[in-house]
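Novice: need the 3D shape of this:
(chains A and B)
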Amino acid sequence: MRDVACVGAGMTIFSRRLKETGKEMCFEAVRMALDEAGLELKDIDTVVCGSAPDAFDGIHMKGENLLDGCGGAKKTYMRVFTGGGTGVLAPIAGWWHVASGVSDVCMVICEEKMSSCFPHPQSAFGHIWDPILERPIQPNLVWIFAMEMNRYMHVHNIKKEDIALVSVKNKGNALDHPSAQLAAKITVDDVLNSEVMAWPVQRLDISPPSDGAAALIFAAGDKVGPITDNPVWVEGVGWCIDSTMWTNRDLYFPQYVAKAAKMAYKMAGIHNPFKEIDVAEPYDPFDYKELHHMEGLLLCKKGEAANLTREGVTQRDGDLPTCPSGGLLGVGNPIAATMGVKAGEIYWQLAGKAGKRQVPDARTGVCQAWGDLMQYGSVMVMRS
Amino acid sequence: MEKYPGEALSSKKMKEVTHEKWNPRVKYAWSCGEAMSRFLNELKKGKLIGRKCHSCGKIYFPPAMFCKFCFKPTDEWVYLPDTGKVMTYSISYLDMHANRIEEPILVGVIDIDGASENMGIMHYFGEMSPDDLTFGMKVKAVWKPEGERTGSVTDIKYFKPLEGSE
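Specialist: Residues are numbered from 1 along each chain as shown, chains lettered A, B, ... in the order given. As a prediction, this is how the structure comes out:
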């Protein structure tokens, strides 16, 4: 396998609605990444597009619809889609294009435009359920996350106050992100007093639907020299999916994330993740998910993530800065395009380009995404 | 970079700018397959049925025609009681379209008695207040009257507290 480095990144603002079409959003993010890397489209030989359910757009060939904006025409092109997991699976797909020798320079572009589906994109999620067992119950996606959160809280006896600290931290961190949709200085009481959506999930426990796009460029080791003297290397990747029958497993621990993390750490030669990781971007569509995923990423023992958060370990100046971007909770949740605050943020952090969000002396970082029906984990370890 | 690309729109402004609308007109009919067809027909009779794998001994509920662990066909139909315990739950003020509702929906995962561990289904709870709902609580199915059953998971109206349990 060839060495692979990330050499450029770009992203649009994240917003409930954007004026731009999906294609235009892709163009903006790709153009920004090309400019950062000092490249032109002719320097890119393969393109990977990541985008989640077609039902948001009502366009059931979304990869093709977005193609020209992705810069993929007349190139080796594919779309990947694992729901929310796409945000880190798409860059993994970029990695495998280059590591395999198929490609020298690969553009990964992730897009989501959730606002096309109205009045609320939640109605599109109605089409993801099993038609026989689940649809007749008329579920809302928030229900099952609420059930997972409740199970997690119950098994480890974790308080809502401690989980709320994640939302306070991430929305605060997002104040320093130029793309942020929901950056705010809030308190634990604000979270606990916010509207109950589906207990135990309240309004400020949850990330918003968003429009947005993000791009990353991956280059083969021997092609990096002329592009940058500040590459960020992809050192480990892992991905794993559990059964779609989510009612047939205990939701308190994401085993599939742990399996994906072990795969990535083994490749990166990481033996003690808590000590060796300088900065982490676990997937945080809900505040409890950051804790759940820190445990899945083996950054702490089961049930301990809330303690680390309470002790300030996960703050930007703590021992394990977690979601320094502001995450999905603060920057926004355009499903696949969250790549910009996961793999994109780790790239910017390790390249020393994170501006006001910069974590000092970050050399090794991990990012993770989560998706499909609470079953998919994708993990990438990077080093500068 | 000073300003990241993209221009945000409010919902009001969205209505003012040029846009196209489309109402998809498609309908679907799903084949239920062997396991789900038997499962739904048994629900119509007021019964729960699972499926046993002789290789690993697991009893699947809902039933499946193959064991996803052994990756072999399952072997035997097994009737199960209409009782179980609450694995997890939520008290929801959102309906499926994210509309706010006054009376919360009580919903959760019920592990069915007699099936293997962690073999449950999502369903509603009833005849209880939100405060009554607890982890591990014993519950029993409340069925629609026989004449109203259609062969659907909604032939069970909801699960209620099992009488005589704590």
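Novice: by contact count, what packs against the helix or strand of chain A with the lowest mean pLDDT?
Specialist: One helix or strand of chain A scores below all others by mean pLDDT, DSSP states H and E: helix A:122-125, with a mean of 83. Judged by 3 or more C-beta pairs under 8 Å, 6 or more residues apart in numbering or on different chains; DSSP states H and E, helix A:122-125 is in contact with helix A:141-156. Glycine gets a C-beta too; all of them are placed from N, C-alpha and C.
Novice: does the helix it packs on reach chain B?
Specialist: Yes. Counting by C-beta under 8 Å from any C-beta of the partner chain, chain B is contacted by helix A:141-156 at A:Val142, A:Trp143, A:Ile144, A:Ala146, A:Met147, A:Glu148, A:Asn150, A:Arg151, A:His154.
Novice: got the CA coordinates for stretch B:9-25 in PDB?
Specialist: Provided in PDB are the C-alpha atoms of stretch B:9-25 (Å, rounded to 0.1, in the frame of the first residue of the first chain):
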ATOM      1  CA  LEU B   9     -31.600  31.800   3.300                       C
ATOM      2  CA  SER B  10     -34.400  32.200   5.900                       C
ATOM      3  CA  SER B  11     -37.600  30.200   5.300                       C
ATOM      4  CA  LYS B  12     -39.400  33.500   4.500                       C
ATOM      5  CA  LYS B  13     -36.700  34.400   1.900                       C
ATOM      6  CA  MET B  14     -36.900  30.900   0.500                       C
ATOM      7  CA  LYS B  15     -40.500  31.500  -0.500                       C
ATOM      8  CA  GLU B  16     -39.500  34.700  -2.200                       C
ATOM      9  CA  VAL B  17     -36.700  33.400  -4.400                       C
ATOM     10  CA  THR B  18     -37.200  31.300  -7.500                       C
ATOM     11  CA  HIS B  19     -37.900  27.600  -6.700                       C
ATOM     12  CA  GLU B  20     -39.500  24.600  -8.200                       C
ATOM     13  CA  LYS B  21     -41.900  22.200  -6.500                       C
ATOM     14  CA  TRP B  22     -42.500  18.500  -7.200                       C
ATOM     15  CA  ASN B  23     -44.900  16.100  -5.600                       C
ATOM     16  CA  PRO B  24     -43.700  12.500  -6.200                       C
ATOM     17  CA  ARG B  25     -46.500  10.100  -7.200                       C
END
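Novice: report whether that stretch contacts chain A.
Specialist: Yes. For stretch B:9-25, a contact with chain A is found by C-beta under 8 Å from any C-beta, at B:Leu9, B:Ser10, B:Ser11, B:Met14, B:Val17, B:Trp22, B:Pro24.
Novice: report the two of those residues separated the most.
Specialist: Longest distance between any two of these is 26.0 Å, between B:Ser10 and B:Pro24; criterion C-beta to C-beta.
Novice: tell me which of these two has more neighbours.
Specialist: Counted by other C-beta atoms under 10 Å in any protein chain shown, B:Ser10 and B:Pro24 do not tie: B:Ser10 has more neighbours, with 11 against 7.
Novice: for that one, what are its contacts?
Specialist: Residues near B:Ser10 by C-beta atoms under 8 Å, 6 or more residues apart in numbering or on different chains: A:Arg17.
Novice: and A:Lys353, by the same measure?
Specialist: Applying C-beta under 8 Å, 6+ apart, we find A:Lys353 in contact with no residue.
Novice: for the closest residue to A:Gly318 other than its chain neighbours, give its distance to chain B.
Specialist: Spatial nearest neighbour of A:Gly318, excluding adjacent residues (C-beta to C-beta, 6 or more residues apart in numbering or on different chains): A:Gly312 at 5.2 Å. Counting by C-beta to the nearest C-beta, to the nearest Å, the gap from A:Gly312 to chain B is 29 Å.
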